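In: no FASTA, just this:
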């Protein structure tokens, strides 16, 4: 029996509330001998929470594996990313609230800059504005058609978009056109299995789409090319409400995180563009749900920029807001991340992520500081991402005994 | 998706170097109230290394399982021993550099002493010399033939040998002839599944081989009998170079460890018979590989002899050599073992094994002593053996992100 099926068989409806705060990129590394951002930040409310909680560290996928946001979040929601393989394309499509149906093939797209000789010089087209992205997606939609396929080109933020292909006989067994490096040309999309005829014809169709897109984008330098990656076909997975009997709400500001939330069956509460808004939405919808996923974006963004002090600032801003969140008195409050993003590495990393679980039933430890090192000695130990939902449900009194 | 397939899909070629030092039987237990060998040994260089590393403990197979050298090493190389079941016979054959091909059936052999009434009185024939072993293997090879089967009898060290049977229709589903105890007769080899005709005919052939060997050995007391165990047939497994894009070298002195290394696709650098030689080979081949497996034998041997002070001495000898190893500046240096061998138990044990990982990206802890107890409080926590290769690759910058 899979762990998720065990959980589902034990999950019991109850009125208790779980609030899972995901501080994106929460974990870090020592930066120039100063310690980590959590070591340095002035976060008295988080420290008090840690002292009242069971603390630990978790590996989102497996030790050593650096998760993208998709696998990191799936793991937090109880889905082993090695069992539930969801491509970036589908996550992007869900992120822009595109109503995907089974069989839809989706890719993550970047607008990019291509030099006259055909080499990619900027994979993000100088981070064009979201307005420009919307305009380009509209123009591509108006000007490109391929017989037998519906093509939907939907803007995300800045240079990011999702492309969804709908039609008969499509296959997702495709390589990326995005070379992931500059100084090289875009790649032809190819069937990963050369004997898969459906994949071969899908690849040919997509290469034609890219050729046409290049023509349309030619006058729009620096956004004169489109790069596609993460091809995947949508398949419905069992949702959190189905599995755990939770009424689930997501409060996030970025499309990607809303997409993952939709995939697992959460209602996305729209309307927040900053932490203040998010807390207001949380308060307003508090009585309507039994599980809240609350996403805090910017420790990750600052980490990717190598901005150590920025990470400290985001932690401190969240800390200042924590009393308002705790005033809602969740039965289980979890503060964690979906992966680490050390400023030292300017990227997601494989390092285990702090997790703090506050509940009346939590077995307390001696931790009284919210930090990576302090959490080494916490009552939760080093766990897997997929252990977090079971622990949340258990501490909320939502799981019955297994066996008599 | 299996973890090893995930790893393989993420592994990226790079020039960084990983050095994995395996101190065989590294972990121990308190001995007569003195602490463990690592507690007592004067190992200042290892202590400093620990203070600069992420430390922890790992279970080679699963908690509570005592591993043989084969499973212990497979786990260290990223192969879950429960997925990759390799019999002792194949490991022995590879260990003596026998060129096994698919379908070969191999067994580990001991020369043993049998009393006139047919009971085994010494399973190691008084640990005969390697020269005597070579002579006996030659004589058996010359005098025994069985129609339809090629038989290769290859000496290891002292009383140990490997026997390889090559022919059509062989089966590995066989019980051992080695009773693993003295005071009882050797066992008939039997088909584990009585309905498996291939196994039944293979068992009959092997019992005939043993009968003939007994005749040939009769004048050679104390080595007047041969005991066979660990029957297995060779199947190629995906190699470390294939899986992880590493160029792998093994530097070991004992055949068994060279055998495991060959199994996983390492080049075995021959020519070392002691630690000094091994380090010279390591230095000489340093620029030719991106992964080195460096095996240090004698903490295990002393542990099996119950020689606690001998374990201390081996640790101190290695400690004295550590600066020369560190001078090579590996990007990732791991010092660990394949299992514990407490002198108190005179045997391999199930206790978790210390692991110390030194790398620029390691998240530091407060450990400053290289010992079992100190490592309890390390940043790696308690992990699985199969977590070590992913962590090594990750800290060496050889794994790309999983999902976007």
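Out: Thanks, I have it. These figures come from a predicted structure and were not determined experimentally.

In: In three-state terms, how would the residue in the stretch 251-400 of chain A that chain B sits nearest to be classified?
Out: Of all residues in the stretch 251-400 of chain A, residue A:382 sits closest to chain B, at 3.5 Å by C-beta to the nearest C-beta. To be clear about C-beta, it is placed using only N, CA and C from the backbone, and glycine gets the same treatment. Secondary structure state of residue A:382, per DSSP: H, G, I helix; E, B strand; the rest coil, is strand.

In: Now do the contacts for it.
Out: Neighbouring residues of residue A:382 by C-beta atoms under 8 Å, 6 or more residues apart in numbering or on different chains: A:56-59, A:352, B:381-383.

In: make it 7 Å
Out: Applying C-beta atoms under 7 Å, 6 or more residues apart in numbering or on different chains, one finds that residue A:382 lies in contact with A:56-57, A:352, B:381-382.

In: Same check on residue A:315?
Out: A:37-38, A:41, A:43, A:299.

In: Helix, strand, or coil at it?
Out: Strictly by three-state DSSP, residue A:315 counts as helix.

In: ok, it to residue A:33 distance?
Out: 19 Å (C-beta to C-beta, to the nearest Å).

In: Repeat that for residue A:178.
Out: 37 Å.

In: Same check on residue A:278?
Out: Residue A:278 is 34 Å from residue A:33, where distance means C-beta to C-beta.

In: quick one, which of those two is more surrounded?
Out: residue A:278 (23 against 5; other C-beta atoms under 10 Å in any protein chain shown).

In: Not counting residues beside it along the chain, what's closest to the more buried one?
Out: Of all residues not flanking residue A:278 in the chain, residue A:272 sits nearest, at 4.3 Å (C-beta to C-beta, 6 or more residues apart in numbering or on different chains).

In: just residue A:181 next, same as before
Out: residue A:120 (7.6 Å).

In: number of nearby residues for the one you found?
Out: 22.

In: Check whether it really touches residue A:180, as I assumed.
Out: No - applying C-beta atoms under 7 Å as the test, residue A:120 and residue A:180 come out as separate, 9.6 Å apart.

In: now the contacts of residue A:382 in JSON lines, with pLDDT?
Out: Formatted as JSON lines, those follow (pLDDT from 0 to 100):
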{"residue": "A:56", "pLDDT": "97"}
{"residue": "A:57", "pLDDT": "97"}
{"residue": "A:352", "pLDDT": "98"}
{"residue": "B:381", "pLDDT": "94"}
{"residue": "B:382", "pLDDT": "94"}
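
In: Pick the one among the residues you listed closest to residue A:160.
Out: residue A:352 (28.4 Å; C-beta to C-beta).

In: Neighbours of the closest one, how many?
Out: Residue A:352 is flanked by 26 other residues according to other C-beta under 10 Å.

In: Please tell me how far it sits from residue A:28.
Out: 11 Å.

In: try residue A:272
Out: Taking C-beta to C-beta, one finds residue A:272 at 25 Å from residue A:28.

In: After the one helix or strand in chain A whose mean pLDDT sits lowest, heading C-terminal, what element do we hit next?
Out: Lowest on mean pLDDT, DSSP states H and E among the helices and strands of chain A sits helix A:88-95, with a mean of 84. Using DSSP states H and E, the helix or strand that follows helix A:88-95 towards the C-terminus is strand A:105-114.

In: That following strand pairs with which strands, and in what direction?
Out: Sheet pairing of strand A:105-114 (DSSP bridges) gives strand A:120-122 (antiparallel), strand A:160-166 (antiparallel), strand A:225-233 (antiparallel).

In: so how far is residue A:144 from the residue of chain A found nearest chain B?
Out: Distances between chain A and chain B by C-beta to the nearest C-beta are smallest at residue A:64, namely 2.9 Å. For residue A:64, the distance to residue A:144 (C-beta to C-beta) stands at 42 Å.

In: ok so, going back, quick check: the residue nearest to residue A:278 touching residue A:254?
Out: No - checked against C-beta under 7 Å, the pair residue A:272 and residue A:254 is beyond contact range at 10.4 Å.

In: what's the overlap in contacts for the two?
Out: With C-beta under 7 Å, 6+ apart, residue A:272 and residue A:254 have no common neighbours.

In: on that earlier part again, hey, what's the residue nearest to residue A:181 bridged with?
Out: Here residue A:120, judged by DSSP bridges, has bridge partners residue A:114.
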